[in-house]
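Asks: Build me a structure from this.
(4 chains)
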Number of protein chains: 2
Amino acid sequence: MSDIPPQCQFCALHQHNGFFCSVLNDSEINRLSAHSRPTKLKRGEPIRATMIESWPVIGICEGIIGVRRVHPDGRGTIAAFFIDGDIVDLRGAPENMADGLSALAETSICHLSPGAFDEILSTNPDARMIAWKSLQAQSFRVIEHSAELAKKQAMEKIAWFIAEFRSLHRVDGTRGSIRFFRMPFRHVDLADYLGLQPETISRGFRSLRDRKVIRMLPDSMIEIVDPDALFTMAYGPEGAHRGGQDQASIRVLKAS
Amino acid sequence: MSDIPPQCQFCALHQHNGFFCSVLNDSEINRLSAHSRPTKLKRGEPIRATMIESWPVIGICEGIIGVRRVHPDGRGTIAAFFIDGDIVDLRGAPENMADGLSALAETSICHLSPGAFDEILSTNPDARMIAWKSLQAQSFRVIEHSAELAKKQAMEKIAWFIAEFRSLHRVDGTRGSIRFFRMPFRHVDLADYLGLQPETISRGFRSLRDRKVIRMLPDSMIEIVDPDALFTMAYGPEGAHRGGQDQASIRVLKAS
DNA sequence: CGTTTGTTTGACGTTACTCAAATCTCGTGG
DNA sequence: CCACGAGATTTGAGTAACGTCAAACAAACG
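Replies: Next comes the predicted model:
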């Protein structure tokens, strides 16, 4: 019945309630998609700098895009990442940032036409609200990340990451306590993200496994065996309850 | 001649070109200021949680607002800070974030009425653009900060901070190379911001002084004696030129 | 002027980085 | 589909850098 372009039909940005394209009317979505470039990226594949120049506004349909900075000594850092539903506007971004965008897992993105995007922002209040909230959520997420990086203990960082990521990539529909989830990150990337060495990540996971806090299953699946212990490590004794239900901080956008 | 409210007359948000209130017409600024609460904060003074609940949209007129997170073990972190011209929308922010906002230096802020703010965003494209760019710039700044926190070496972090902050708070009008500037941060706050201990900050500054890279003058003034050495420490051998002229990354907003 | 709060210095301890080598995984091409 | 090889992970041993603790000193504030 609705007359939307085929490539948008099954895109999460349009299907998922609360995501940018879900609030566009048919005319808007047609105009936007006419000037857009849906793109699939394999793990590790960078977003080409030339693409960013011509289409600096990007919607993340599915997967993870990391912002990698490479320090002069060769060591890399993943300063932030974007996830499904994020609208990323790279106009005005420092040049070295655009260089470092790459997929940390299988990812589909949609390069949006800046012109059409701006036009929709100015005419559609719902879309404007969603884009604004997305940018806000990105900002809050990075702030949260910064706070964690400053923490001294490697184990605390690792536990925090597991606890936060768990609420992002659930697999079963279990309410309340999510025990199983997939962690598609490579340890190298995780190390870069948490400001640690791959060796330290490895030792951390082993320690969690030995202490029977988590179990590591095939296909990057993780089972949380002892949630209390995990959340205590991640958020401290008083913050342990935070992990019990769904983590709010990182899902601000989708909650609204 | 213009009929704008007295408290806005000399406010940087209105006076400074490219800041939010500078693009509002008289009617808009009157409507906005009618529901706003200009507030002065002394160093260390927090923004009251009750204020944030009622006026969650804040403009920074002058000074620095830090986002402090306190970990359960008592150790604090400054995850980010906001500076003059930033528009901060705290609707949807994680609750623990609103708790931690406080002034890191003498600061004036303006609590804006959310209703009037939203209305202006929807009708004034220039204002919308400025708010958007401000939020973007905040995000980029935090990403930059994250990248620095992941660095291993304390000296690199300290050198980076000096190099970046220099371009924010110039004192003389020297073009090209800015040698003198004021650094109103306390060492404790700087330590929290860089994820280090105050003792390490102190040792770092002493080392820079001993190596004749900087000189420390009264009233928190810093003189950069050997810029090349500083920028090499901050950005690495190849990045040394970056500091030579004005740093772009952190001033994205104001450049536009 | 006294009290509090922040800074500096030193000695010591611990954590996570470094380096190196063995093992494992995954993507690739035959 | 299997075999291969590059790249990722794991493990261990040694070490450097930063954190911790404590005490003296300086600065800010009322």
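
Asks: Chain A: strands as residue ranges?
Replies: Ranges of strands in chain A, per DSSP state E, are A:37-41, A:57-62, A:64-70, A:76-83, A:87-89, A:101-103, A:107-112, A:180-182, A:214-217, A:221-224.

Asks: Now do the last one, average pLDDT.
Replies: What it means is strand A:221-224. Summarised as a single mean, pLDDT over strand A:221-224 is 90.

Asks: what's it packed up against?
Replies: Applying 3 or more CB pairs under 8 Å, 6 or more residues apart in numbering or on different chains; DSSP states H and E, one finds that strand A:221-224 makes contact with helix A:154-166, strand A:180-182, strand A:214-217. From N, CA and C alone the C-beta is placed, and that goes for glycine too.

Asks: Tell me which residue of the stretch 151-256 of chain A lies closest to chain B.
Replies: Minimum separation of the stretch 151-256 of chain A from chain B (CB to the nearest CB) falls at A:G236, amounting to 2.6 Å.

Asks: quick one: pLDDT of that residue?
Replies: 82.

Asks: Could you double-check that it lies in contact with B:H71?
Replies: Yes. At 6.3 Å, A:G236 counts as touching B:H71 under the criterion of CB atoms under 8 Å.

Asks: Of those two, which one has the most company?
Replies: B:H71 (18 against 15; other CB atoms under 10 Å in any protein chain shown).

Asks: check contacts around that one.
Replies: Counting by CB atoms under 8 Å, 6 or more residues apart in numbering or on different chains, B:H71 makes contact with A:K151, A:G236, B:T77.

Asks: re the thing from before, can you redo the strands of chain A as a markdown table, where the extra columns are mean neighbour count and distance to B:I58?
Replies: Shown next, in a markdown table, are these (neighbours: other CB atoms under 10 Å in any protein chain shown; distance: least, CB to CB, whole Å):
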| stretch | mean neighbour count | distance to B:I58 |
| --- | --- | --- |
| strand A:37-41 | 17 | 37 |
| strand A:57-62 | 23 | 27 |
| strand A:64-70 | 22 | 26 |
| strand A:76-83 | 24 | 23 |
| strand A:87-89 | 24 | 22 |
| strand A:101-103 | 22 | 30 |
| strand A:107-112 | 23 | 30 |
| strand A:180-182 | 17 | 36 |
| strand A:214-217 | 15 | 40 |
| strand A:221-224 | 17 | 38 |
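
Asks: DNA strand C is nearest to which of those?
Replies: strand A:214-217 (10.2 Å; CB to the nearest atom of the strand).

Asks: So is that closest one next to DNA strand C?
Replies: No. Figure legend: strand A:214-217 not in contact with DNA strand C (CB under 7 Å from any atom of the strand); closest approach 10.2 Å.

Asks: Sheet-wise, list the partners of that strand with their directions.
Replies: Paired neighbours of strand A:214-217 in the sheet (DSSP bridges): strand A:221-224 (antiparallel).

Asks: where along the stretch 151-256 of chain A do the helices fall?
Replies: With helices called from DSSP state H, counting those that start in this stretch, the stretch 151-256 of chain A shows them at A:154-166, A:187-194, A:198-210, A:227-235, A:252-255.

Asks: so who does A:L24 touch?
Replies: Taking CB under 8 Å, 6+ apart, one finds A:H14, A:L32, A:I120, A:N124, A:A127 in contact with A:L24.

Asks: Sort out for me which of those residues are in helices.
Replies: Within the contacts of A:L24, residues falling in helices by DSSP state H are A:H14, A:L32, A:I120, A:A127.

Asks: how many other residues sit next to the last one?
Replies: Put plainly, it is A:A127. 22.

Asks: before we move on, what about the first one?
Replies: Summarising burial for A:H14: neighbours were counted as other CB under 10 Å, giving 22.

Asks: From chain B, how far off is the residue nearest to it when sequence neighbours are not counted?
Replies: Using CB to CB, 6 or more residues apart in numbering or on different chains and skipping residues adjacent in sequence, the residue nearest A:H14 is A:C21, 3.9 Å away. The gap separating A:C21 from chain B is 19 Å, by CB to the nearest CB, to the nearest Å.

Asks: hang on, A:C21 packs against A:I29?
Replies: Yes. Counting by CB under 8 Å, A:I29 is a contact partner of A:C21 at 6.0 Å.

Asks: Now do the shared contacts for those two.
Replies: What both A:C21 and A:I29 touch, as defined by CB under 8 Å, 6+ apart, is the set A:C8, A:H14.

Asks: what about the stretch 51-200 of chain A, any weak spots by pLDDT?
Replies: A:169-177 (pLDDT under 70).
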